[in-house]
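*Asks:* structure for this input, please:
(2 chains)
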Protein chains: 2
Amino acid sequence: MSPFFSVMADPDFSVWERTALWAVLGIAVLGLCYAAFLTMEILRKDAGTESMRKISHAIRIGANAYLHRQFRAIALLILIVTALLYFTAAEQSIAIGRACAFLMGSIFSASVGFVGMNMATQGNVRVAAAARTSFAEALKIAYRTGTITGMLTDGLGLLGGTLIFMVYGEHAYEVLLGFGFGGTLLALFMRVGGGIYTKAADVGADLVGKLEKNIPEDDPRNAATIADNVGDNVGDCAGMAADIFESYEVTMVSAMILGWASFGHKGVIFPLLVRAIGVLSSIVGTYLVRTSEEARAAMKAIHVGYKVSAIVSIVGFCIVGFYYLRFPEVGLLDSWMGLGVEGLDMRPVWTTLVGIILAVCINYLTDYFTAPEKKPVQGVARATQTGHATTIIEGIAVGYESSVWSILVIAVAIFGSVLIYSGTNPTYIAYGVAMCGIGMLTLTGNNISMDVFGPVADNANGIGEMAHLDKRSRQTLADLDACGNTTKAITKGIAIGSAVIAAVSLFNAYITDIAKLTGKTYDTIASLLSIAEPLVFIGFLIGGAVPLLFSSMMLRAVGRAAFLIVQEVRAQFQDEQIWNGKKTPDYARVVSICTQEAQGELIGPGLLAVLGPVVVGLLLHKEALGGFLSGIILSGQLFAVFMSNAGGAWDNAKKFIEDGHYGGKGSQAHKASITGDTVGDPLKDTAGPALNPLIKVMNLVSILILPFVVRYERLNAWTILVIGISVFCLGWVIRRSRQESPEMVKWQEAIKAT
Amino acid sequence: MSPFFSVMADPDFSVWERTALWAVLGIAVLGLCYAAFLTMEILRKDAGTESMRKISHAIRIGANAYLHRQFRAIALLILIVTALLYFTAAEQSIAIGRACAFLMGSIFSASVGFVGMNMATQGNVRVAAAARTSFAEALKIAYRTGTITGMLTDGLGLLGGTLIFMVYGEHAYEVLLGFGFGGTLLALFMRVGGGIYTKAADVGADLVGKLEKNIPEDDPRNAATIADNVGDNVGDCAGMAADIFESYEVTMVSAMILGWASFGHKGVIFPLLVRAIGVLSSIVGTYLVRTSEEARAAMKAIHVGYKVSAIVSIVGFCIVGFYYLRFPEVGLLDSWMGLGVEGLDMRPVWTTLVGIILAVCINYLTDYFTAPEKKPVQGVARATQTGHATTIIEGIAVGYESSVWSILVIAVAIFGSVLIYSGTNPTYIAYGVAMCGIGMLTLTGNNISMDVFGPVADNANGIGEMAHLDKRSRQTLADLDACGNTTKAITKGIAIGSAVIAAVSLFNAYITDIAKLTGKTYDTIASLLSIAEPLVFIGFLIGGAVPLLFSSMMLRAVGRAAFLIVQEVRAQFQDEQIWNGKKTPDYARVVSICTQEAQGELIGPGLLAVLGPVVVGLLLHKEALGGFLSGIILSGQLFAVFMSNAGGAWDNAKKFIEDGHYGGKGSQAHKASITGDTVGDPLKDTAGPALNPLIKVMNLVSILILPFVVRYERLNAWTILVIGISVFCLGWVIRRSRQESPEMVKWQEAIKAT
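*Replies:* Numbering: from 1, shown residues only, chains lettered A, B, ... in the order given. As a prediction, this is how the structure comes out:
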């Protein structure tokens, strides 16, 4: 094969297709340029008073310190994995490509997080500054700050995928795996580290500030305030952006893999075209988000932008599909799938539309279960009156129920994609499901704008509070913050839903891959993965347990880190001068504790994600590994949605009470609602979202190690050694995750005696 | 076929086998006689002072009122289902048999619950009376009261299964399904009703008594005290006994079904023999539970009894296996499976031993995660110092982790059974797993003794407190109560573990049944149930959601009912005379509210359990229904263990603090621990345990409706009608489960305004 731009030299591709690929590449670059344009626009805005700049600067310093340290910590690991990946491929050109693609994927993912977070820390102070004069302007700045990250995600994801395909052509499949894995692994670290950081700071700040000392959130005397604001950026911006980037990338990778297997080049180019249309429509839609000074309708403006993007996309898909999806050899499709046009096959378009509908439904569901004016949150708010315990119970019930509907909607969407391809072969159906994932993430630009809008508005509100802005500006910022809470919750739903669809597509790619490696048909392999097969069932049980193990590790890590923060904040409050507001607390110390703790906790989940499939695959073989993956998908989805939505409901129930219901701030009901919110915090911002990358990392690792799993069907000295070392590492990791820090034990033992 | 005692006239059965069957029947009756003997022994004991009798009488009246009303409420339903079952079988004699067996199963299950509960209410006061003079005597009475229910479970389960087999011989399979279904359906109702009752009363009593008024548990001024004690009986005695009875029955039914399919009559008779040995060993072991007046070692005595039973069983199994499991046609097994003896196949014995080991491991795990002196509970206790929220988070982490280990142990046990049968065909392997379930429930007599011991001791303690016994007697009762908490928690682990194994066996029976109905081989059918098959995967996602929907229904039901109790208790405390202890509160009113609420909540879960498989089966067909069942098993197990053990850990963390740690009673830590306990109550005693029968009911319903599912592979007017009605009913049920009672809304709206 020709090593570079094989597609461009391949006579199988028409001129039209080659031009289209260049056009897609151009649109990807256009997206990046738009991001650069917005960046300049934001940076030109007024950055407020001296004191505001100082606070914002402190947040930026803290956030950057964290990310730098994180990147340093994982750089070595990334290099090791790059080297290991080189050995997973048989052919050398593929091996180099895969290793480079892995590096590219991880660097892209890291850049999305890094740039997005930096822009958020630049944007927040400008939003606060703008809020002094104009609601409309503040909204625009906050939203566009988010759009920068959104366009970066779109642009880099599309750029990487298209480039790899253009270079490697029919071999792109194996290289794309590396690209997907790089993004996913980085996202896992960003999610885990960011999630632990943000919640340790938040829980720590709240426990001492709100509950013990009865002072408001973001009170500048609280030493954890800056860390809390930094946390919003590293968790909700960097973590979330990397997470969605990765879903964006993985759905594209799996659609391209399955597309090649079923429809050849049209199957690969069509998803790229769809993505390119998505980029264009996101540019149009996000540009239109604005409101008037009188209306102050932030939520409405965002929804309008979303709808415009959706309509542009749908029209675009239909037009491109109509002209491109011609398969003369197929003839007339005997249903409405081809609109009765000879040789036209619109099924990929329909499945993409199913994906868009799925995204809309999940948005609606998340909104229903977490918005303060809807019944579920009202129920939680009511339950606060009978105390802490009933608040928790009601929130758990809401979380459980939301998980039911969410999984049902996903099941219906998969069913829809299957129906569209019914009567065809399994790889076509798998391609349909992958296209559904592509459709679901079409509006990634808008989704990330909405998501990043949340922490930017939250931070701006914090800066406003710390900088003692006037009442009207504070109201503007509070309104934007409330709106941001809703948009943040909504994108969380999309992130999880897309993770499940992406994982299902990867799972299908896994089966396709076994078929290829063993030289058997897809159907033969599929029939081996029967749940009636005891080994598959065992793998499936073990897989189901993984998300719980992972979640319990995350929760404990937050607990440990939060405890240290509580200690530190309490100690600083002992200083009379700090308590009386005459001395600035030592914010940097808290930031540094958070950073250190979050870093230390990365190793466990990372090893679990990578070694889990290795152990199951080598010990119980490929069928059990298939069961294992499906178990992870099911239980991961159930627990991720449960934790995210229960957390969202508690959060907004607290907000509802703070708006003056059931006695308002300071009442018993309010105290119970704070308990709910504090319980929900690590569930919704650490454990829940970290399950998304976990699901995908494990699927990708399984595909990557598959050649070895297939080769070593029987145990030998080497595999036993690998299994032994892996089990030992896992045991060490689990043991470590359950330990408590020595200071904590000492302190607690001292209290126990009293 | 000859309608009666076909086996006895069948020349295929040797004289030895016929005698053995009669002997098994005899042992079943012996178990019942032993229960009767113990009943007389208990009733002869001193029932204490007048005031103690009065309290005990009040509890008994309340408990009986509840059960009577429950039986009346479901009697009609049972009759309808009996009639419907008549139509599910093709042949008339089978149809009659199945309907009668269903009635027998439900009556047996109800009797176990009813008698067990009644004996518990007789035993509790006698334990309290004995505690005035002797620890040893009090322990003996409490434990033996439990043994009555244990022997009843053993005896009735074995009697029913053996009788049906003796009458129906090779057709026993289809009749046994009815027997299993009867027990399971009743258990579901007992679990759901009892669970809601007990926690509504408990949470209601605690919220007002402990948290608002700061008075101790079981304070006679609290109007919910009697209801709370009644609840212990209807939930922990009647509900739990019916639940284990049903697992006992279902594992036997599935072992007999799979045994017949793989080994003919030896495959059926062997599990019956194993069960009979279990009955004998339980009689021996439970009889030996005693302690000296000086040692006061209740837990040790119970463990000794358990170990004796285990040893007797293991020896018995080996002997019976060695002499009975001869298959001359097999020749010499080429491994240690036959101990090198020509024609001997000891594999069923080995799988039974795996089951016993599994039971021991699960006992250990549950103990580790819920016992106050172990690390996990200590961690929760420590977390109470940083408040309500950290207590909850730590408990959730403990629950998650315990679920991981529990599912791993089950996976290893299944793997062990598979290894023992490796190289054979799938029905043999399925039989191995079923025998593992048989082994696991060998010591059901001991397990139920331990379980019922819990509420009896708890009630005795309550009676002691209300009747103002002297300090030493109170200490005796408190010690027994603490011991009872541990034994109760341990049996919960066994109940869930056995439910999963039973469900896996039923799932295998489901596949065997499809093979039979479609005339294809087991392997062909198994290959259709691939997780790579989109419909199976969709069924699997939907199945995974069911336990969450069910749990959220349960939690909400408890919340609703508890709210009414809180209202009522608060209203009664308004009466100065009641508050000053000069007037007896109106206990009966609270009992009546609990009863009414618990009844009203039965319909939803019942319909969900029965209609769920109908909708999935008719709409998505048999493969998806298979996926659905496996999804339920996985997520049911994960959530059941999570909820039970998190609840147990919170409960014991509270006890640990009440023993004087971290400030002891009345401290802030104690308040946080009460919140944990109150959150854990409905999780561990309502939602969690109710998942056990749910998993099994849905598996059994699926097997029963399978002929229709197979017949109507394509939708027609009838199936659409049935699906439509079912979906409508389910929608109504879900809607209803989310509604709040009108008084509650009225009251809360009134408060919201203030």
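
*Asks:* please count neighbours and contacts with C-alpha atoms only from this point.
*Replies:* OK.

*Asks:* from A:Gly193, how far out is the one residue in the stretch 51-200 of chain A that gets nearest to chain B?
*Replies:* Of the residues in the stretch 51-200 of chain A, the one nearest chain B is A:Ala200, at a distance of 11.6 Å by C-alpha to the nearest C-alpha. A:Ala200 is 11 Å from A:Gly193, where distance means C-alpha to C-alpha, to the nearest Å.

*Asks:* between these two, which is the more surrounded one?
*Replies:* Neighbour tally, A:Ala200 and A:Gly193, criterion other C-alpha atoms under 10 Å in any protein chain shown: the higher count belongs to A:Ala200, 34 against 30.

*Asks:* excluding its backbone neighbours, what's nearest that one?
*Replies:* Setting aside the residues directly before and after it, A:Ala200 is nearest to A:Ala562 in space (C-alpha to C-alpha, 6 or more residues apart in numbering or on different chains), at 4.2 Å.

*Asks:* can you check A:Ala545 too?
*Replies:* Counting by C-alpha to C-alpha, 6+ apart, the nearest residue to A:Ala545 once its immediate chain neighbours are dropped is B:Val404, at 4.9 Å.

*Asks:* which residues touch the residue nearest to the spatial centre of chain A?
*Replies:* The residue at the geometric middle of chain A, judged as the C-alpha nearest the mean C-alpha position with C-alpha atoms, centre = their mean, is A:Asp243 (2.8 Å). By C-alpha atoms under 8 Å, 6 or more residues apart in numbering or on different chains, A:Asp243 lies in contact with A:Thr184, A:Ala187, A:Leu188, A:Arg191, A:Ala495, A:Asn692, A:Pro693.

*Asks:* make a markdown table from those residues and add neighbour count to it.
*Replies:* Putting the contacts of A:Asp243 into a markdown table (neighbours: other C-alpha atoms under 10 Å in any protein chain shown) gives the following:
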| residue | neighbour count |
| --- | --- |
| A:Thr184 | 32 |
| A:Ala187 | 32 |
| A:Leu188 | 28 |
| A:Arg191 | 33 |
| A:Ala495 | 28 |
| A:Asn692 | 32 |
| A:Pro693 | 30 |
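
*Asks:* and the residue of the stretch 151-300 of chain A that's closest to chain B?
*Replies:* Residue nearest to chain B within the stretch 151-300 of chain A: A:Leu207 (7.5 Å; C-alpha to the nearest C-alpha).

*Asks:* where does pLDDT dip in chain A?
*Replies:* A:1-8, A:334, A:740-754 (pLDDT under 70).

*Asks:* for burial, what's the neighbour tally of A:Ile438?
*Replies:* Number of residues near A:Ile438 (other C-alpha under 10 Å) recorded here: 34.

*Asks:* secondary structure element holding it?
*Replies:* helix A:426-440 (DSSP states H and E).

*Asks:* which strands and helices lie in contact with that helix?
*Replies:* On a contact count with 3 or more C-alpha pairs under 8 Å, 6 or more residues apart in numbering or on different chains; DSSP states H and E, helix A:426-440 meets helix A:240-263, helix A:265-287, helix A:347-370, helix A:388-420, helix A:471-518, helix A:522-528.

*Asks:* just name the most buried of those helices.
*Replies:* Each of these was given a mean neighbour count from mean count of other C-alpha atoms under 10 Å in any protein chain shown, and the largest, a mean of 29, is that of helix A:240-263.

*Asks:* that one to helix A:426-440, inter-axis angle?
*Replies:* Going by axes from the mean of the first three to the mean of the last three C-alpha atoms, to 10 degrees, helix A:240-263 is angled at 150 degrees with respect to helix A:426-440.

*Asks:* now, which of the contacts of A:Asp243 lie close to chain B?
*Replies:* Among the contacts of A:Asp243, proximity to chain B is found for none (C-alpha under 8 Å from any C-alpha of the partner chain).

*Asks:* give me the distance between A:Gly445 and chain B.
*Replies:* According to C-alpha to the nearest C-alpha, to the nearest Å, A:Gly445 stands 29 Å off from chain B.

*Asks:* surely that residue touches A:Thr145?
*Replies:* No - applying C-alpha atoms under 8 Å as the test, A:Gly445 and A:Thr145 come out as separate, 11.8 Å apart.

*Asks:* can you tell me which residues contact A:Ser281?
*Replies:* A:Val308, A:Ser309, A:Ala310, A:Val312, A:Ser313, A:Leu443.

*Asks:* before we move on, the earlier item: quick check: the residue nearest to A:Ala545 touching A:Phe550?
*Replies:* No - contact between B:Val404 and A:Phe550 fails when scored by C-alpha under 8 Å: they sit 9.8 Å apart.

*Asks:* close to chain B: what parts of the stretch 201-350 of chain A are there?
*Replies:* Among all residues of the stretch 201-350 of chain A, those adjacent to chain B (criterion: C-alpha under 8 Å from any C-alpha) are A:Leu207.

*Asks:* redo that, cut-off 10 Å
*Replies:* If contact is defined as C-alpha under 10 Å from any C-alpha of the partner chain, the residues of the stretch 201-350 of chain A in contact with chain B are A:Val203, A:Gly204, A:Leu207, A:Val208, A:Leu211, A:Glu212.

*Asks:* CA atoms only for the helix holding A:Ile438, dumped as PDB, please.
*Replies:* Coordinates of each C-alpha in helix A:426-440 appear next as PDB, following Å, rounded to 0.1, in the frame of the first residue of the first chain:
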ATOM      1  CA  PRO A 426     -25.900  -7.800  11.100                       C
ATOM      2  CA  THR A 427     -23.100  -5.500  10.000                       C
ATOM      3  CA  TYR A 428     -25.600  -3.200   8.300                       C
ATOM      4  CA  ILE A 429     -27.600  -3.100  11.500                       C
ATOM      5  CA  ALA A 430     -24.500  -2.300  13.500                       C
ATOM      6  CA  TYR A 431     -23.700   0.500  11.000                       C
ATOM      7  CA  GLY A 432     -27.300   1.800  11.600                       C
ATOM      8  CA  VAL A 433     -26.700   1.900  15.300                       C
ATOM      9  CA  ALA A 434     -23.400   3.700  14.800                       C
ATOM     10  CA  MET A 435     -25.000   6.200  12.500                       C
ATOM     11  CA  CYS A 436     -27.600   6.800  15.300                       C
ATOM     12  CA  GLY A 437     -24.700   7.700  17.500                       C
ATOM     13  CA  ILE A 438     -23.300  10.100  14.800                       C
ATOM     14  CA  GLY A 439     -26.700  11.700  14.600                       C
ATOM     15  CA  MET A 440     -26.900  12.000  18.400                       C
END
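
*Asks:* follow-up on the earlier one: what's the angle from whichever strand or helix holds the residue of the stretch 51-200 of chain A closest to chain B to helix B:388-420?
*Replies:* Secondary structure assignment for A:Ala200, by DSSP H and E: helix A:172-206. Calculated by the same axes, to 10 degrees, helix A:172-206 forms an angle of 140 degrees with helix B:388-420.

*Asks:* not counting sequence-adjacent ones, nearest residue to the residue of the stretch 301-450 of chain A at minimum distance from chain B?
*Replies:* Among the residues of the stretch 301-450 of chain A, A:Ala397 lies nearest to chain B; the distance is 4.4 Å by C-alpha to the nearest C-alpha. The spatial neighbour of A:Ala397 that comes closest, neighbours along the chain excluded (C-alpha to C-alpha, 6+ apart), is B:Ser552 at 4.4 Å.
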